[in-house]
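> Quick check, what structure comes out for this input:
(2 chains)
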Amino acid sequence: MDFNFSSEQYLLRDAARDLFSAIAGPAGARSAYREKSAVVERLRGPLAEQGMLGAGVPEEQGGSALSPLDMALIFEASGAALLPFPLLETYVAARALSRRPASPRQERLGPALAAGGETATVAWGSPDGLWTGAGVQAVGSGPVRLYGRRTFVPYAAAATVVVMPVEWKQAGGIALVLVDPRAAGTEMVALESLDGSYPLYALEFHGAVLADDAVIGYGRELFEEMRITAWSALASEALGAAEQAFSATVEYVKVREQFGQPVGRFQAVKHTAADDYLLVESARVANRYAAWAISQGGAEAELYAALAKAYASDTARTVTSDAIQLHGGIGYTWDSDMHLYFKRGWRIAAELGTPVQIREKMARVVLDGATPRRVGAPVGGGDA
Amino acid sequence: MNIAYTEAEEAFRIRCRDFLETVLPPGWGTPAHPVPADAEERARVGLWWEKTLYAHGMAGLSWPREYGGQGLSWVEEVIFAEECARAGAPSGINGLGKGLLGPTLLVEGTDEQKRRFLPPLLAGDEVWCQGYSEPNSGSDLASLRTRAELQGDVWVITGQKIWTSNAHLADWCFVLARTDPTVPKHRGITFLLVPMRQPAVKVEPLVQLTGEAHFNQVSFDGARTARENVVGQVNDGWRVANTILSFERGVTIVGRYAHFMREWEAAVEAARTQTGERGPLIEDSHFRQRLVALWSEIQILRFHGYNVITQLQQQDKLGPEASMLKLFYSEMHKRLGDLGMDILGAAMPYASGMDSVGGGTLHRAFFQARAETIFAGTSQIQRNVIAERVLGLPRDQRS
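So this is what the prediction gives:
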């Protein structure tokens, strides 16, 4: 029994943590609130240099093909550092690209993503919040054209390529495709993002041509596999943000004095902190098990990724809310960093399904006995 | 990371299952063969279980062979606890002896004490109870006032203990008593082993809110025990008592997720039969949400267990964070118990509803959970422990 990460995985985490705190942290997140996607340009170089952008790219294309298990601690670090960059989207997109025999364009894309020459994002949003193909239709032939609207496309202004599921009747219902957000017939609309370190855009398609080599795969399987990977990664980011806000809060209540003593001496404060600690440590083991289950490629992966996403989301919501509360009035100011974690935590919790929506999906397996989905063999190996 | 047991451990699990299948009556743990409602009958079953475990070499799995144990590791203890929970095996009557006293003696006892007390404890020949809490010393246990004085070669003990489970059946009691009232309260306590079957020990049953008398008030009115029946040094009993709390709060909890899963399944079953305005409750989003949330928490208890096993294997000890497990499981169990009652709905107030829905499992869980957030350190004390010892928040002004 070894329910822990390897020392190599912890070393990777340490390197990521050092890098992210140097280039991001609360100050970096604040600059994204001001500059939106422009901040991505500054971060791309250092992230590529340290190999972070090739994590989902196969080794023969210049990447490092890290498994979701390897990435779990790295996404914890990016969540903790409020990294204003589509690192998660790049990883998930690159991994999806590597799952199919690739077109020449896709083969060029892998190395370009790893080197930072191109930046990928994922169009997560469908109207129901659960990331289906709904909202954008692929129609016609020679050429196939796209019509419709996707919201919730993070960092679109900094992206050269967007991975997106579309409805495509002639192709069996649904397909995962690559689109150029600046192509003719495509309109990009900047939206106001609650989490300003995660600028959101809508993409509107008025007959944009879908290139012949733009299809990553047909059918639900591939993009649902992406969702499982993304659930686990988002759970890690949520945990990282929660843990960072929590430890800042614990340090604060040790020094903030009222009634002639540190407020952390009062049991009302202690008990909230203890309950939050329990949530953080419980989300940690839930995430760990989910990342393991995905890397094993078993039928349980979807269920446990869902568990981790829902639980870590609830944890992030509660813990970052308590962080503001325990900071008192100062916690409600723009100058306090707590709102940065709070907004990130709640944003992640709503992304790819709220905890309530995800538990509804889980209920179909644990209460109604639906068979959990089997995930294909992972790209980057698994155990270690 | 590798969440797997070794081949030898898996073989041991098979052995546990075979053992349980052999010794438990057919249908045990199902509504067809419920846990005896009668407290005396349950005690009889509890004693039978201890003797059965011993006879089949399943008692004291991690204890040294020379004291009647099996010389295995904590991992086997956890696997066996898990299989017992899965099979709904009865609780033995010597749980406190095995969970608290035995591990303490193994660390703090003399060779003579280990040889004298451990084998009959494991064999179920001597039943133990725990004399810690007093009417005025609950969470503030170190304020205890039961006195022990050395008169010649004999300790003479006077005072009151309370919440003493199985005292009416016990042969021995491990007692915390004040031996020096002149020093700060933590420094004047001694850990004593006291025979229960003497005229100066009186046991009065205390009826708990379930209507059963599982625990007692015990008065020591000049009760006697031999001078050598001190564990550790005189006046060092507080430290000795705290050696084992981490065991109580850590390892024994790990196997319980399987027990909670059984209760959760009973709740799901009840939700299939109970109906609301829109049909079976199992189709109602409110109940689906709560059932899935609790399923998730029970799974998380399982994952915490993997963490505990990993720590025990790699470091052979648990840190203060083990106290979080007690808080986690007991508060979760309370929510599970409440959910069961909400599913029973209008049938909840009827004790007879216990037979028709969930076989009484849901009511038992509901009541049991009330005790769990109090015994072995209340949830409030657990939160203090986490805040102070794990998070490093300043101690409050307790004297």
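
> Next one: residue B:210 from chain A, what distance?
Using Cβ to the nearest Cβ, to the nearest Å, one gets 28 Å for the distance from residue B:210 to chain A. Using the backbone N, CA and C atoms, a C-beta is placed for each residue, glycine as well.

> and that residue, that's in a strand?
No. Under DSSP: H, G, I helix; E, B strand; the rest coil, residue B:210 falls outside any strand and is assigned coil.

> so what's it closest to, chain neighbours aside?
residue B:367 (5.0 Å; Cβ to Cβ, 6 or more residues apart in numbering or on different chains).

> Residue B:83 now?
Of all residues not flanking residue B:83 in the chain, residue B:16 sits nearest, at 4.1 Å (Cβ to Cβ, 6+ apart).

> For the stretch 101-250 of chain B, which segments are assigned as strands?
Assigned by DSSP state E, counting those that start in this stretch, the stretch 101-250 of chain B shows strands spanning B:128-131, B:147-151, B:154-162, B:172-178, B:189-195, B:201-206, B:215-226, B:230-231.

> which of the ones you listed sits most buried?
Among the strands of the stretch 101-250 of chain B, strand B:128-131 has the highest mean neighbour count (mean count of other Cβ atoms under 10 Å in any protein chain shown), at a mean of 27.

> What strands flank it, and is each parallel or antiparallel?
Sheet pairing here is set by DSSP bridges, and for strand B:128-131 it gives strand B:172-178 (parallel).

> Quick check: closest non-adjacent residue to whichever residue of the stretch 101-250 of chain B sits closest to chain A.
Relative to chain A, the nearest point of the stretch 101-250 of chain B is residue B:139 (11.8 Å; Cβ to the nearest Cβ). Sequence neighbours aside, residue B:381 is the residue nearest to residue B:139 in space, at 5.2 Å (criterion: Cβ to Cβ, 6+ apart).

> Please apply the same query to residue B:144.
Spatial nearest neighbour of residue B:144, excluding adjacent residues (Cβ to Cβ, 6+ apart): residue B:137 at 4.3 Å.

> Count the residues that sit near the one you found.
Per other Cβ atoms under 10 Å in any protein chain shown, the neighbour tally for residue B:137 reads 20.

> That one and residue B:159 touch, don't they?
No. At 9.9 Å, residue B:137 does not count as touching residue B:159 under the criterion of Cβ atoms under 8 Å.

> overlap in contacts of these two?
Common contacts of residue B:137 and residue B:159 (Cβ atoms under 8 Å, 6 or more residues apart in numbering or on different chains): B:144, B:145.

> quick one on the thing from earlier: quick check: the residue nearest to residue B:210 vs residue A:33, distance?
Relative to residue A:33, residue B:367 is positioned 52 Å away (Cβ to Cβ, to the nearest Å).

> quick one, longest helix in chain B?
Taking DSSP state H as the criterion, chain B has its longest helix at helix B:285-315.

> Is there any residue in that one that contacts chain A?
Yes. Looking at helix B:285-315 against chain A by Cβ under 8 Å from any Cβ of the partner chain, the contacts come from B:285, B:288-289, B:291-293, B:295-297, B:299-300, B:303-304, B:306-307, B:309-310, B:313.

> Would you mark the buried spots in that helix?
B:287-312 (16 or more other Cβ atoms under 10 Å in any protein chain shown).

> which intervals of the stretch 151-300 of chain A have sub-threshold pLDDT?
For the stretch 151-300 of chain A, applying pLDDT under 70 flags no range at all.

> repeat for the stretch 1-150 of chain B
Scanning the stretch 1-150 of chain B for pLDDT under 70 picks out B:29-35, B:37.

> run the last query once more with 80
Along the stretch 1-150 of chain B, segments meeting pLDDT under 80 span B:27-39.

> So for residue B:367 and residue A:33, which sits in the more crowded spot?
Neighbours around residue B:367 and residue A:33, counted as other Cβ under 10 Å, are more numerous at residue A:33. The numbers are 18 against 15.

> measure the more buried one to chain B for me?
Separation of residue A:33 from chain B (Cβ to the nearest Cβ): 30 Å.

> Excluding chain neighbours, what is closest to that residue?
In space, residue A:33 is closest to residue A:196, 3.4 Å off (Cβ to Cβ, 6+ apart).

> can you count the residues close to that neighbour?
Residue A:196 has 22 nearby residues by other Cβ under 10 Å.

> Go ahead and report the secondary structure state at it.
coil.

> where's residue A:312, which helix or strand?
helix A:301-327 (DSSP states H and E).

> That helix packs against which elements?
In terms of contacts (3 or more Cβ pairs under 8 Å, 6 or more residues apart in numbering or on different chains; DSSP states H and E), helix A:301-327 is packed against helix A:220-255, helix A:267-296, helix A:338-350, helix A:355-366, helix B:285-315.

> Straight-line length of stretch B:88-108, end to end?
33 Å (Cα to Cα, to the nearest Å).

> Tell me the residue of the stretch 101-250 of chain A that sits nearest chain B?
residue A:250 (5.2 Å).

> count of residues packed around the nearest residue to that residue once chain neighbours are set aside?
Once flanking residues are discounted, residue A:250 sits nearest to residue B:391: 5.2 Å by Cβ to Cβ, 6+ apart. Burial of residue B:391 is recorded as 19 neighbouring residues (other Cβ under 10 Å).

> what's the answer for residue A:84, then?
31.

> The residue lying closest to it once chain neighbours are set aside: how many residues sit nearby?
Of all residues not flanking residue A:84 in the chain, residue A:32 sits nearest, at 3.4 Å (Cβ to Cβ, 6+ apart). The tally of other residues near residue A:32 (other Cβ under 10 Å) stands at 27.

> can I see the domain layout of the chain?
Looking at chain A here, since you left the chain open. Structurally, chain A divides into domains by automatic domain parsing as follows: A:7-119, A:121-219, A:221-366.

> hmm, I had chain B in mind actually
Recorded structural domains for chain B (assignment: automatic domain parsing) are B:7-93, B:128-233, B:245-390.

> I'd like these as CSV, with distance to residue A:167 appended.
Output for the domains of chain B, formatted as CSV (distance: least, Cβ to Cβ, whole Å):
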stretch, distance to residue A:167
domain B:7-93, 46
domain B:128-233, 58
domain B:245-390, 27
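
> Could you say which one of the ones you listed comes nearest to residue A:227?
Taking Cβ to Cβ, domain B:245-390 is the member of the domains of chain B nearest to residue A:227, at 18.1 Å.

> so how many other residues sit close to the residue of the stretch 51-200 of chain B found nearest chain A?
Of all residues in the stretch 51-200 of chain B, residue B:75 sits closest to chain A, at 7.0 Å by Cβ to the nearest Cβ. Residues contacting residue B:75 under the criterion other Cβ under 10 Å number 19.

> Quick one: closest of the domains of chain B to residue A:264.
Once those are compared by Cβ to Cβ, domain B:245-390 is nearest, at 7.7 Å.

> ok, now which ones touch the residue nearest to residue A:33?
Per Cβ under 8 Å, 6+ apart, neighbours of residue A:196: A:29, A:32, A:33, A:36, A:343.

> and which of these is nearest chain B?
So of these, ranked by how close each gets to chain B (Cβ to the nearest Cβ), first place is residue A:343, at 24.4 Å.

> still on that earlier bit, which residues sit in contact with the residue nearest to residue B:83?
Per Cβ under 8 Å, 6+ apart, neighbours of residue B:16: B:58, B:79, B:80, B:83, B:84.

> got the residues of the stretch 201-350 of chain A near chain B?
A:250, A:253-254, A:261-262, A:264-267, A:269-271, A:273-275, A:277-278, A:281-282, A:285-286, A:288-289, A:292, A:304, A:307, A:310-311.

> Give me the buried subset of those residues.
Buried members of these, counted by 16+ other Cβ under 10 Å: A:250, A:253-254, A:262, A:264-266, A:269-271, A:273-275, A:277-278, A:281-282, A:285-286, A:288-289, A:292, A:304, A:307, A:310-311.

> Show me which residues of the stretch 51-200 of chain B sit near chain A.
Residues of the stretch 51-200 of chain B lying near chain A (Cβ under 8 Å from any Cβ): residue B:75.

> Much appreciated, bye for now.
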